[in-house]
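Participant: Everything below, folded, please.
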Amino acid sequence: MTAAGVGAVVLAAALLVEMPSTALAAIAGVAAGLTAAVSLGVAAFRVTPRSGRRSAAWRWLAAGAVTWLAGVGMRPVVEGTPFAVTFADLLLLVGTVLLAIGCGLTVRRQAYGGSLLHYATNAYVSGASLFAILWVALLGPAYARAEEPITLVLPVICLFATCAVAPAVLSARPAGRGVGLAALAVLAATTVAEVATAIGRLTAAGGDAPAVTGVLAPAALLMLAAAPWACRDHAAPSRPAATAVLDVVPLALAAVATAVLVVRVLAGSPDPSVGVLPIVVGSTVLVLLAKVLVLALESAGMRGTLESGERRLIELAENAGDVVLVLDPDGVVREMGAGVEAMYGYRPQELVGRSIFDYVHSEDAPAVQTALRAMAAEDEPSAGGQSVCRMSCRVRAADGTWRPAESVATRHPREGDEDLVLISTRDVSDQVALRNEVAHLTFHDGVTGLPNRSYFEERTREVLARRGAGHTAVVFVDLDGFTGVNDSVGHAGGDYLLSQAARRLRAAVRADDTLARWGGDEFAVLMESGGSAGAGGSGGSGATDAQSAIDLAERLVRAVSAEPFRVADRDIALTASVGVAFAEDGVPSADLIRNADVATTRAKELGGRRVEVFAAHMHADVVRRLELAADLQRALLAGQFAVEYQPVVDLATSRVTAVEALVRWWRGGTFVPPRQFLGAAEDTGLIVPLSEWILREACREVAAWRASSWEIGLSLNLSSRQITAPRFVETVEQALAESGLPAGALTLEVIEEMLVEDAEEIIERLARLRALGVRLAIDDFGTGYASLALLRQLPVDIIKIDPSFVDGLGRDETLTLLTRTIVRLGHDLGLIVVAEGIERPEQLELLREMGCTRGQGYLVARPMAARGVDSLMRTSLSPLSPLQNTA
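Facilitator: The predicted structure is shown next:
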């Protein structure tokens, strides 16, 4: 900008000083050219590397400005030489060409219709037409009056250079053509100055041109010097609309030139040159004709390419399995691809001339008609010259089946004819079938084919939202005893059993009920109404619906347990626990399902093969059990448990021979009976760490008593979960090793049911303990299902008579006889017999009479803390005191 300002000052000073126009033009041109060259050169080196095209354009313009100022500076020196074209003219000519190249580089040529031939012909037609007009108006008369002819090469080159770059610059977007317009102004000013100089030479034989024309080019160069800093533009793309308008300009100029020539010929004005004007106009016409011929050839080639592309597109679509057809806006088939026969079974000739809606499903036809009419009503096609829409419908095949199809419709405008619609149709029956299969698998169980949990939950929400709480119930079915099926017959056999159970349950439910597999061995039934008996909604309909649900639940129990399931050539008998929950106003579907599950759990706890209807206290019990389990875990970490010991005495000598370790829990200072928390500990698995702690603590205490020369043993109750826990045998070994208690002083007690349910694994682990020297006892003997064969398989040392037998001694002859039998059996097998629950003196006397050697109970000693046992270390016990008094 500073250089442009200095150049402007020099130009103004030159205008104020009186001097010949040639010298004035030279000084102004040199100053302006130097300013432009410096400004453009500096700007070209300061642009970012990404602006390579802009930098190149500015370097070309700077080089043109330097060359141009050299020519202008030398023009006064070579003035008056006998040469028609001087060295200064050559420099000006080269500078003009360089400026034109730089001007053209400031804009980007458009991608279509912008070939070099196109630009060259437009430039020639425009330049020749303007030259013809100038010749008639100015140059011709001056040339006729000239004393000697001069060359017009420089003004003609300047004119053609300006016409060559003017369309591209003028059609560029305004935001990016600042430098290009300034360069175009330099070319235009140079052309005007050279034309004025030529006229001056013709009229005055070397006279000066007007001063104003001499400073036009320098003024334009100063604008060019300021443009890179003021505009900050880039190589701007052309605007198609502006380019189309400017393409008409050469034709208009050619028409004007032709009209001028015709007028001149009709007026009889002589041509001062030897046919210059006819040659120029004639060449222009020839160039125009050549351009029209080339355009015609290009148009024919493009039309052939378009038709070939359409044919290839149709072939490609048909090779890809699509059917291609052409319709008119009313849906009448004009053309039909050969692929329709392979896809739908129709011959193409059968369909041509018929309406496509004869083969489209009536439910889909309105949407297809609307799409076709919308395409026909569009005034302009979408981007790319075509209007496209996608459609989905069902198409009737020749065999009468309806097949889903997806189509792409494209509108093709036709000159002189109505628009047609090209449609590519694809049969998507396989895709639709796959989607349906995926949807089915998403909401159905793969083993039984029943709806799955997700479907059941969604269905329950829908039913409750539509019908409300009335006439709705959820029934849960849990197969009792299924846990061991997979272990006995394998998972494949378990799945086969579940599929059989699903068929039985499906046969037991009503048609309008929803049966689903909830998961594992659980099934769920949604009853949406009470049937016709309860559909009236008045009187006893509520009771009838409830009874219908209970009747259904009982049918489900009978369906499962009616006969064994045949799996892997063996019969497997199962029963079912069923829970029923009725919908209530305001109860969410999730709570309704939960209530049915809670009722099922309650039925299972009560022994299975029964129906339980949900009651509010069931959920409260579940919540309490969860809270109790959480409190148990916290109590175990906080050390809130304690161990008490109940003595086991020799009934003959009243001597303490062993103690049974019993766990006690004080929650917040309140004693919690074992029966209230041991079940929860078993269910949650906390019984394992709790039992390990009892084992270590009891072994440590008893080992300390034995160290004081008191031969006393330790008895511990085992749970099934504890025995089957990993590293159970190793845990017992470690507790004995840490405490120093001999293995023979430890007796582990199990109940009969444990030996029946998981006999193989439990017996194997107990046998390993027996091999270590640990003694084994069967607790509550006579109440379970154990057979005498178990006493042979498992080397038991002690049997403990259940308190229910001892309680009947002296009152119930049958119980007395059974107790006597158990005592005699133990003696015959060489086992120690321990009677539990001795609370009355007559019980003690009868047991002594029967020969029972040991006993325990409140009569002889209550459970006591470790410090209470310490006081018994040197006491020989009598039947009623002092042990009873000590407790």
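Participant: what pLDDT does residue 70 get?
Facilitator: In this model, residue 70 is scored at 80, pLDDT.
Participant: so it touches residue 98, yeah?
Facilitator: No. Counting by Cβ atoms under 8 Å, no contact exists between residue 70 and residue 98, whose distance comes to 11.5 Å. Quick note: C-beta positions are derived from backbone N, CA and C, even for glycine.
Participant: ranges for the helices of the stretch 51-200 of the chain?
Facilitator: Using DSSP state H, counting those that start in this stretch, the helices assigned to the stretch 51-200 of the chain run over residues 52-78, 87-105, 116-134, 140-145, 153-170, 178-204.
Participant: and the gap between residue 693 and residue 446?
Facilitator: Taking Cβ to Cβ, to the nearest Å as the measure, residue 693 falls 45 Å from residue 446.
Participant: What of residue 293?
Facilitator: Distance from residue 293 to residue 446, by Cβ to Cβ: 73 Å.
Participant: Rebuild the helices of the stretch 51-200 of the chain as CSV, extending it with mean neighbour count and distance to residue 599.
Facilitator: As requested, those are arranged in CSV below (neighbours: other Cβ atoms under 10 Å; distance: least, Cβ to Cβ, whole Å):
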stretch, mean neighbour count, distance to residue 599
helix 52-78, 22, 81
helix 87-105, 22, 87
helix 116-134, 20, 88
helix 140-145, 16, 116
helix 153-170, 23, 87
helix 178-204, 23, 85
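Participant: any idea which of those helices scores lowest on pLDDT?
Facilitator: helix 140-145 (a mean of 69).
Participant: and the longest strand for the protein?
Facilitator: In the chain, taking DSSP state E as the definition, the longest strand is strand 655-667.
Participant: all helices in the stretch 601-750 of the chain, in order from the N-terminus.
Facilitator: 616-638, 674-684, 687-707, 720-723, 728-739.
Participant: Would you tell me which of the ones you listed gets closest to residue 868?
Facilitator: helix 687-707 (11.6 Å; Cβ to Cβ).
Participant: who touches that closest one?
Facilitator: 632, 636, 641, 643, 645, 659, 661, 663, 678, 681, 712-714, 716, 718-719, 721-722, 725, 731-732, 735-736, 738-742, 745-746, 866, 869-870, 873 (Cβ atoms under 8 Å, 6 or more residues apart in numbering).
Participant: buried subset of those residues?
Facilitator: Buried by 16 or more other Cβ atoms under 10 Å: 632, 636, 641, 643, 645, 659, 661, 663, 678, 681, 712-714, 716, 718-719, 721-722, 725, 731-732, 735-736, 739, 741, 745-746, 866, 869, out of the contacts of helix 687-707.
Participant: thinking again about what came up before, please convert the helices of the stretch 601-750 of the chain to a markdown table, extending it with mean pLDDT and distance to residue 327.
Facilitator: Listed next are the helices of the stretch 601-750 of the chain as a markdown table, based on pLDDT from 0 to 100; distance: least, Cβ to Cβ, whole Å:
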| stretch | mean pLDDT | distance to residue 327 |
| --- | --- | --- |
| helix 616-638 | 80 | 65 |
| helix 674-684 | 85 | 71 |
| helix 687-707 | 92 | 77 |
| helix 720-723 | 87 | 75 |
| helix 728-739 | 93 | 80 |
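Participant: So which of those is nearest residue 341?
Facilitator: With Cβ to Cβ, the closest approach to residue 341 among these belongs to helix 616-638: 66.8 Å.
Participant: re the thing from before, would you format the helices of the stretch 601-750 of the chain as TSV with distance to residue 824 included?
Facilitator: Shown next, in TSV, are the helices of the stretch 601-750 of the chain (distance: least, Cβ to Cβ, whole Å):
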stretch	distance to residue 824
helix 616-638	42
helix 674-684	32
helix 687-707	31
helix 720-723	30
helix 728-739	32
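Participant: between the longest strand of the chain and helix 687-707, how many degrees?
Facilitator: Interaxial angle of strand 655-667 relative to helix 687-707 (axes from the mean of the first three to the mean of the last three Cα atoms, to 10 degrees): 140 degrees.
Participant: What pairs with strand 655-667, parallel or antiparallel?
Facilitator: According to DSSP bridges, strand 655-667 forms sheet pairs with strand 641-650 (antiparallel), strand 670-672 (antiparallel), strand 713-717 (parallel).
Participant: Mean pLDDT lowest where, among those strands?
Facilitator: strand 670-672 (a mean of 86).
Participant: Flag every buried residue along that one.
Facilitator: Within strand 670-672, the residues that count as buried by 16+ other Cβ under 10 Å are residue 672.
Participant: Quick one: distance of that strand to the chain centre.
Facilitator: 54 Å (Cα atoms, centre = their mean, to the nearest Å).
Participant: you'd agree residue 41 is up against residue 61?
Facilitator: No. Between residue 41 and residue 61 there is no contact under Cβ under 8 Å: 9.3 Å.
Participant: before we move on, back to that, got a markdown table for the strands paired with strand 655-667, with distance to residue 567 too?
Facilitator: Formatted as a markdown table, the strands paired with strand 655-667 follow (distance: least, Cβ to Cβ, whole Å):
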| stretch | distance to residue 567 |
| --- | --- |
| strand 641-650 | 45 |
| strand 670-672 | 44 |
| strand 713-717 | 36 |
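Participant: closest one to residue 475 among the ones you listed?
Facilitator: strand 670-672 (35.4 Å).
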